[in-house]
Structure formats: C-alpha cells, structure tokens
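Asks: Need coordinates for the following:
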Amino acid sequence: MLSLLDFKRAITSDPNGALASWNTSNPLCRWAGITCDRAHRGRAITSLELPGHRLEGEITSSLGNLTSLRTLNLSTNSFSGRLPPLGRLGKLEVLDLSGNSLRDAITDGFANCSSLRTLDLSRNYLVGELHPKVGLLSGLSVLNLEGNKLIGIIPPSLSNMTQLEELDLANNSMSGSIPAELGKLSNLSILYLWKNSLSGGIPESLLNLSSLQDLELDQNMLGGVLLRPNIGDALPNLRLLTLEDNKFDGHIPASIGISSKIEYIDLALNNISGPIPRSFGKLSKLSYLFLEGNMIEASNDESWEFLHAMGNCTLLRLMSLWDNQLPSSIGNMSVNLRFLALAQNHLSGTIPTSIGNLHGLTYMWLAFNNLTGTVEGRFEKMAHLQYLGIEA
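Replies: Numbering: from 1, shown residues only. Purely as a prediction, here's the structure:
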C-alpha cells in the first residue's frame with residue numbers, strides 16, 4: 001500500500017478522479033485499477049492499470065517494490081520524467097507506458113524482467129541508443145518503441161527474442177543497415193521500421209520470415225534491388241507492404257502475385273523501372289496500390305495488359321500510378337475503385353468510353369498527359385465522381 005500511496009502523491013493532476021478511491025478507508029484491492037491475487041488473500045498486487053486518464057506527474061520508483069506485479073499499464077496519460085527502475089519485477093509480463101511524455105534512455109534495466117511478454121514504450125520522448133541487452137528478453141512477443149527519438153543501430157541482439165511476433169521501431173532516428181539477424185525471428189508477423197534513417201538493402205534473410213504479414217520500411221534511405229524474385233513464395237502471408245520514399249531500383253517481381261493475401265502495396269517514390277506485372281491480377285484482396293513517382297514503363301499494348309488482369313482485383317479501391325513513363329481495358333477494373341491517378345504518364349490517344357464503367361470513382365486524375373479527343377459520353381455514369389483532373 002505504501003508504494004501505491006507514494007505513486008499517488010507524485011500525481012500532480014487527476015482530472016478524471018481516477019485515484020479517488022485510493023485512500024486507506026478502502027480495501028487496497030478495491031482501489032481503481034488494482035487487481036489482487038486472491039490466492040494470497042489479497043496481499044499480492046498483480047495488476048496496475050490506469051490507461052487514458054490524463055494523469056500528470058512522474059512514475060515513482062516505488063512501483064519497483066510491487067514484486068508480484070504481472071501487468072503495469074499507464075498508457076495514454078501525461079506522465080513525464082524518467083522511466084521507473086523496474087528491474088526487480090521478475091514476474092512482470094506486460095509493461096505499457098505508451099503515449100506519455102517520458103524522457104530517458106532505454107538502458108539494460110529491463111534485462112532482469114525475464115517474464116516480459118509485451119514491452120510498449122511507444123510515443124514518448126525516449127532518447128539514445130537501444131541497449132543491446134534488451135535482446136536478453138527472450139520471451140518477448142511484442143516490442144513497440146515507435147515514435148521516440150532513438151538513434152544508433154538496430155541491435156543484432158534482438159534476434160535472441162525468438163518468440164517475437166511484433167517489432168515496431170518506426171518513427172525514430174535510427175541509422176545503419178537492417179540486421180540480417182532479424183531473419184532468425186521465425187514467429188515475426190509485424191515489422192515496422194518506417195521513418196528512420198536506415199540505409200543499405202533489404203537483407204535476403206528476411207525472406208525466412210514466412211509468418212510475416214506487415215512489412216513497413218518506407219521513408220528511409222534504403223536502396224538496391226527492390227524485392228527478391230522469390231518474394232511471393234517466401235512471404236505467402238504478406239498483407240501489407242510499404243517501401244515508399246526510398247531509393248530502390250529494379251523491376252517489380254512477378255512472384256508478388258503469389259502473395260494472395262496482400263491488401264496494401266506502396267512502392268511509390270523510388271527508382272523502379274520496367275512494366276507492372278500481369279500477376280498483380282491474382283491479388284484478389286488488393287485494395288490499395290501506390291506506384292507513383294517511379295520510372296515504370298508501359299510503352300506498348302503488352303505493357304498495359306496488367307490493367308485488364310486487374311479486373312480480377314474486385315476489392316481495389318485506390319490505384320495511384322502518376323508520374324511514371326488508356327487503353328480500353330481500363331474499363332474492366334473493379335467497380336469498387338474509388339481513386340485513380342494516372343497523371344504525368346505521357347499517355348496519348350483518346351479517353352476510352354469504357355472508362356465510364358468505373359462508376360464507383362470519386363477521384364480521377366488524368367492530367368498532364370497527351371490525351372486528345374472528346375470527353376463526351378465518358379463520365380456520365382460516374383454519379384459519385386467528385387474530382388476530375390484532365391488538364392494538359
């Protein structure tokens with residue numbers, strides 16, 4: 001009780017009255033946010049959960065005395081100061097301090113929390129390098145440090161977390177290359193490294209992650225060959241792929257059509273060349289496709305066959321291909337398409353009448369091409385169209 005009262009005294013603002021029940025006239029196990037272990041006659045506090053109460057103040061070191069604690073969730077408040085020393089909490093399984101204003105470095109202090117399964121310190125102001133000893137948390141399934149101010153490399157020691165399912169280091173200032181050792185994380189389903197300063201290529205070892213569903217590497221300085229030719233075979237469970245705003249080159253591999261579960265692809269703002277593979281038409285769950293700002297070519301009828309094939313993508317809602325290098329087959333595309341951008345593509349000829357079949361469109365951008373002829377009879381069926389850009 002004394003440790004919790006010490007924590008309460010450090011709270012400088014409690015606008016929702018979340019701690020109103022925290023007083024000696026109430027049994028400890030009836031305090032808001034507190035769960036006790038009945039097997040120990042209510043003496044063992046197993047959970048402290050006070051998320052989203054707009055609490056202000058510092059998280060006191062006294063919480064480190066609650067050695068029976070399994071869950072500590074103080075997320076989405078306004079706590080400031082340093083990370084509390086919690087190295088004595090050997091039973092702690094869930095630590096969620098996300099969405100606060102904590103300012104500290106991530107040291108080796110968590111290394112003794114050997115029971116941790118979830119460590120979420122995202123959306124704070126944590127600084128410095130990620131300590132390699134974090135890799136000692138071999139039972140961790142979720143590590144989320146997104147939205148801080150971390151620098152330095154991604155420690156290869158993270159590969160020791162063999163139970164890891166989610167790794168989120170996005171929106172920091174980390175540099176260096178993506179460690180090839182991450183390919184050892186066979187249970188990994190989510191890998192978010194977007195908006196850092198990572199360089200080099202995508203390690204071939206990541207193709208060992210057959211359970212991977214979400215891969216977000218956008219807004220870095222990555223380069224080299226875009227994707228390995230066998231990506232579709234190696235990552236059959238992929239749902240989301242974002243490599244936007246990097247320096248990748250090469251062609252889009254046809255094997256991506258094997259990734260039948262994929263819903264979202266963003267390869268925009270790279271140096272990709274060559275045609276768009278017809279195999280995209282096999283992606284029946286694809287809803288969003290961004291390929292703008294590359295050097296993709298469609299110089300002959302064969303190059304445009306992907307549009308006809310994508311008529312099978314009945315869930316497609318957005319396709320952005322502007323700023324790359326309209327045959328009648330465009331009308332075969334999904335009637336669920338809402339956004340179509342083909343501007344700045346050196347397209348010539350007339351706008352096909354079949355484009356009117358896309359009556360679900362709300363946004364169409366065909367500007368800055370070399371289109372000729374009339375628009376009469378092209379757009380009358382598009383009752384939902386809110387924006388049409390066809391300026392020269």
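
Asks: Just give me the longest helix of the chain.
Replies: helix 2-9 (DSSP state H).

Asks: residues of that helix that come out buried?
Replies: Across helix 2-9, burial judged by 16 or more other C-beta atoms under 10 Å covers Ser3, Leu4, Phe7, Lys8. Bear in mind the C-beta positions are built from the backbone N, C-alpha and C, glycine included.

Asks: for this protein, which spans come out with low pLDDT?
Replies: 39-42, 301, 325-332 (pLDDT under 70).

Asks: in it, which spans are helices?
Replies: 2-9, 231-234, 305-309.

Asks: As JSON lines, those helices with distance to Leu89 would be great.
Replies: Output for the helices of the chain, formatted as JSON lines (distance: least, C-beta to C-beta, whole Å):
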{"stretch": "helix 2-9", "distance to Leu89": "12"}
{"stretch": "helix 231-234", "distance to Leu89": "39"}
{"stretch": "helix 305-309", "distance to Leu89": "55"}
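
Asks: So which of those is nearest Ile256?
Replies: When the helices of the chain are compared by C-beta to C-beta, helix 231-234 sits nearest Ile256, at 5.1 Å.

Asks: Tell me the gap between the closest one and the middle of its chain.
Replies: 20 Å (C-alpha atoms, centre = their mean, to the nearest Å).

Asks: how about Cys158, what does it touch?
Replies: Not Cys; residue 158 is Leu. Val134, Gly135, Leu143, Leu164, Leu167, Pro179, Glu181, Leu182, Leu185 (C-beta atoms under 8 Å, 6 or more residues apart in numbering).

Asks: And these, which is closest to Asn124?
Replies: Leu143 (14.2 Å).

Asks: so that closest one makes contact with Leu167?
Replies: Yes: if you go by C-beta atoms under 8 Å, Leu143 and Leu167 touch, sitting 5.5 Å apart.

Asks: Could you give the number of residues near Asp108?
Replies: Residues lying near Asp108 (other C-beta atoms under 10 Å) number 12.

Asks: ok, it to Glu216 distance?
Replies: 28 Å (C-beta to C-beta, to the nearest Å).

Asks: Equivalent analysis for Asp120, please.
Replies: 17 Å.

Asks: now do Ile59
Replies: Counting by C-beta to C-beta - Ile59 and Glu216 are separated by 30 Å.

Asks: Could you check which of these two has the larger neighbour count?
Replies: Ile59 (24 against 20).

Asks: The nearest residue to the more buried one once chain neighbours are set aside: what's it in contact with?
Replies: Distances taken as C-beta to C-beta, 6 or more residues apart in numbering place Pro84 nearest to Ile59, at 4.6 Å, with adjacent residues excluded. Residues counted as contacts of Pro84 (C-beta under 8 Å, 6+ apart) are Ile59, Thr60, Ser61, Leu63, Gly64.

Asks: Pipe those residues into a markdown table and attach distance to Ser210 per row.
Replies: Below are the contacts of Pro84 laid out as a markdown table (distance: C-beta to C-beta, whole Å):
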| residue | distance to Ser210 |
| --- | --- |
| Ile59 | 39 |
| Thr60 | 44 |
| Ser61 | 43 |
| Leu63 | 40 |
| Gly64 | 40 |
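
Asks: Closest one of the residues you listed to Asp266?
Replies: Of those, the one sitting nearest to Asp266 (C-beta to C-beta) turns out to be Ile59, at 37.3 Å.

Asks: Isn't that closest one up against Leu74?
Replies: Yes: counting by C-beta under 8 Å, Ile59 touches Leu74, with 6.5 Å between them.

Asks: Spit out the residues that contact the two alike.
Replies: Leu97.

Asks: circling back: any idea which of the contacts of Pro84 has the most stuff around it?
Replies: Ile59 (24 neighbours).

Asks: Now the phi/psi pair for that one, please.
Replies: phi -90, psi 110 (degrees, to the nearest 10).

Asks: ok, it - contacts?
Replies: Phe7, Ala10, Leu74, Phe79, Gly81, Leu83, Pro84, Leu97, Leu102.

Asks: How about the first one, nearest residue that isn't a chain neighbour?
Replies: So that's Phe7. Thr60 (4.9 Å).

Asks: Likewise for the fourth one?
Replies: Of all residues beyond its chain neighbours, the one nearest Phe79 is Asn100 (4.3 Å), with distances taken as C-beta to C-beta, 6+ apart.

Asks: Isn't that neighbour up against Gly81?
Replies: No: applying C-beta under 8 Å, one finds Asn100 not in contact with Gly81, separated by 9.4 Å.

Asks: the more surrounded of the two?
Replies: A count of neighbours by other C-beta under 10 Å puts Asn100 above the other of Asn100 and Gly81, at 22 against 15.

Asks: Give the full set of residues in contact with that one.
Replies: Asn100 neighbours (C-beta under 8 Å, 6+ apart): Leu74, Ser75, Thr76, Asn77, Ser78, Phe79, Ser80, Arg123, Asn124.

Asks: same thing but 6 Å
Replies: Residues near Asn100 by C-beta atoms under 6 Å, 6 or more residues apart in numbering: Asn77, Phe79, Asn124.
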